[in-house]
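1. Model the structure of this input:
(2 chains)
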Amino acid sequence: MLKADIDADIFRETIDVISALVPECRLHVGESGIRTRAVDTANVAMVSIELSADAFNSFVATEAELGIDIAKMKNILGMMGKGDVLKMELPDEGHKLELAFGGYKYSVTLLDVNTIRKDPNPPTINLPGKAVLSGASLNNAVKAAAVISDKIALGIDPDAGIFYMEAEGDTDHIRLDLGGDDLISLEAAQARSLFSLDYLKDMGKVMSRAEKVEVHLGIDHPVKFSFAIAEGNGQVEYLLAPRIEAD
Amino acid sequence: MGVAIRDILADFKSTVEWGSLAGVAAVDAHNALYQFLSIIRQPDGTPLMDREGRVTSHLSGLFFRTVNFIEKGIRPVYIFDGPPPAFKTATLEQRRETRRAAGEKWQEALKKGDLEEAYKQARSSSRVDEAVIESAKSLLALMGIPAVDAPTEGEAQAAFMAIRGDVSYPVSQDYDSLLFGAPVLVRNLTVSGKRKFRNRTLTIRPERIVLKDVLEGLEISREQLVEIGILIGTDFNEGIRGVGPRTALKLVQQDAFDATVAEKMAGFNPGLVREFFLHPPVTGRYDLAWASPDEEGILELLCEGYDFSPERVTGSLEKIMKTSGQKTLDRWF
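-> Below you'll find the predicted structure:
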């Protein structure tokens, strides 16, 4: 069972976070809020998100697992205006989620959760380096690299005390060093891994709204981005597997 | 082969687009290899062979189908059968005899010049033997595709992995995975989307069957689905002559399973078969890791080893090398 009211923008932000990686997911609803963890079809990236009950204007729920068509949800939320309030309602054992806003009332058939991949276990990864910076500058760096290449190296040089991004195109090269005041903080440890910009572009767009993003890095390891949404009432983690560095 | 419950599943099949199938697929290796061996043949029934006369139909099928999967965002894991349970022996004996007889009839038909009959008999003589399995496994290893050896039935293992959530769905033409409890089953994942059927060419599309829909729609439990299988016959027991899936469904819905078995299957104890479907031997020890294809190794095996055309193999390899270079999260879970 679920009965909740939420600000349209906050819920849209939540769905955007998920839709950057997967078209559908199992959404876990419970007393304390909603959460999901999903891996993209290629097993390259993972999103996990928790939105506490405090993010809602009102929230009452019992334990349930909802099969959500994220792509469809995104389209529906696109119909909502700024400042709208979204009312959600799902009866016990119900298969249709009611979404009401601005006079509209959608009744959305849920997906059979058995047809959606189960949530993966939280992976165990040791990432020693951490740089904290604004989501906007992270997204800008991703966009700058995408102009000349389809992959980007993220790294930390502990001796220089910098977090850097470097991309190599067929003929061109770009590098951005961030240190000192450019960063909110830095836990310096030798780190460098190469990542696909196809993924980072989608994630970057979502992260650009975050005031600060923690970037956790290792050597030839996945990168973990963690940041808050919903005015601090939601927490997101993105995980992206590295590419193989060409010689 | 497999349990013939197709007639009662028709309402629960939905055709699906390739695009919605991206994910991890547990492919019934024996079923796929048998398909390749029986279908990839010349009009007189001769399979694809290399210079030395070794059959290569299955390698051709496996290679091109797997490439197609990868292109479509499907990451396959092939599940191989282990040793059959003791009570399957009778079925296997029967199949061996059918194949042997078909082999003879194929040769007879060729002598008479009856190509249609020759093709038909040749298909029935197809056999997945040790050499077929070994060569298939070598090819998969070079392609960076994981293979899992089931303790007994591959479909039971695939169902188990789907229940655990390690794979998105099993792929098989047979329906046994549903009896083994697979939440979803996907069929018809062929490259061409065409199938010859009684000299007509049919267009076929991938189809998906959701176990929950079947059980709810027929108002039966999974145990009862297994009972239907037992009444009409499975790979592990002979069914009752004259009882098809619809009759069996009615009997089971009327709670007449035990009485029917007692009356029509004298001396048969269904417990063993039922238990096998509900709690089959499976293993949790497997490693699902996909690696980049070894381009040179594949060319060496297929082109130098089995006389495949280098142009065709290279062309297909290019398609999948594009997506390689990207590691997956598997190794960190």
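2. neighbours of the residue of chain A found nearest chain B, just the number please.
-> Nearest residue of chain A to chain B (Cβ to the nearest Cβ) works out as A:Lys118 at 2.6 Å. Just so you know, the C-beta spots here come from the backbone N, C-alpha and C atoms, and that holds for glycine as well. Neighbour count for A:Lys118, taken as other Cβ atoms under 10 Å in any protein chain shown: 20.
3. same check, this time on B:Val261
-> Residues near B:Val261, counting by other Cβ under 10 Å: 18.
4. likewise B:Lys137?
-> 17.
5. picking that back up, quick check: chain neighbours aside, which residue is closest to the residue of chain A closest to chain B?
-> Take A:Lys118 and drop its neighbours on the chain: the residue closest to it by Cβ to Cβ, 6 or more residues apart in numbering or on different chains is B:Gly165, 2.6 Å away.
6. Contact partners for the one you found?
-> If a contact means Cβ atoms under 8 Å, 6 or more residues apart in numbering or on different chains, then B:Gly165 has A:117-119 as its contacts.
7. I'd like those residues laid out as TSV, including secondary structure and pLDDT.
-> Conversion of the contacts of B:Gly165 to TSV gives the following (DSSP: H, G, I helix; E, B strand; the rest coil; pLDDT from 0 to 100):
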residue	secondary structure	pLDDT
A:Arg117	coil	78
A:Lys118	coil	78
A:Asp119	coil	82
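8. Give the residue farthest from the middle of chain A.
-> With distances taken as Cα atoms, centre = their mean, the residue sitting farthest from the centre of chain A turns out to be A:Thr171, at 31.9 Å.
9. And it, what's its pLDDT?
-> Looking at A:Thr171, its pLDDT reads 91.
10. before we move on, what about A:Ala246?
-> So A:Ala246 comes in at 59 (pLDDT).
11. that older thread, got phi/psi on the residue nearest to A:Lys118?
-> phi 90, psi 10 (degrees, to the nearest 10).
12. can you give me the strands in the stretch 101-250 of chain B?
-> With DSSP state E, counting those that start in this stretch, the ranges of strands along the stretch 101-250 of chain B come out as B:147-149, B:169-171, B:184-187, B:194-197, B:200-203, B:207-210, B:233-234, B:237-238.
13. For the last one, give the mean pLDDT please.
-> Averaging pLDDT along strand B:237-238 gives 86.
14. cool, stretch B:277-290 as well?
-> Mean predicted confidence for stretch B:277-290 is 91.
15. hang on, the earlier thing: which among the contacts of B:Gly165 gets closest to A:Glu13?
-> Checking the contacts of B:Gly165 against A:Glu13 with Cβ to Cβ, the nearest one is A:Asp119 at 20.9 Å.
16. Go ahead and name everything in contact with stretch B:132-147.
-> With Cβ under 8 Å, 6+ apart as the criterion, stretch B:132-147 contacts B:29, B:33, B:37, B:55, B:58-59, B:62-63, B:66, B:76-80, B:286-294, B:297-298, B:301-302, B:324.
17. The residues you listed: which ones sit near chain A?
-> Restricting those to those near chain A by Cβ under 8 Å from any Cβ of the partner chain leaves B:290, B:292.
18. So which of the contacts of stretch B:132-147 are in helices?
-> B:29, B:33, B:37, B:58-59, B:62-63, B:66, B:297-298 (DSSP state H).
19. Pull out the buried members of these.
-> B:29, B:33, B:37, B:58-59, B:62-63, B:66, B:298 (16 or more other Cβ atoms under 10 Å in any protein chain shown).
20. near chain A, which residues of the stretch 101-250 of chain B?
-> B:164-165, B:168, B:183-184, B:208, B:210-213.
21. one more time with 7 Å, if that's ok
-> B:165, B:168, B:183-184, B:210, B:212 (Cβ under 7 Å from any Cβ of the partner chain).
22. Now the phi/psi pair for B:Leu189, please.
-> The phi/psi pair for B:Leu189 (degrees, to the nearest 10) is phi -90, psi 70.
23. What residue in the stretch 101-250 of chain B comes nearest to chain A?
-> Closest point on the stretch 101-250 of chain B to chain A, by Cβ to the nearest Cβ, is B:Gly165, at 2.6 Å.
24. pLDDT score for that residue?
-> So, for B:Gly165, pLDDT stands at 88.
25. Longest helix in chain B, please.
-> If you go by DSSP H, chain B has its longest helix at helix B:89-112.
26. returning to what we had before: quick one: which of the contacts of B:Gly165 is nearest B:Trp332?
-> Out of those, the member with the shortest distance to B:Trp332 (by Cβ to Cβ) is A:Asp119, at 15.3 Å.
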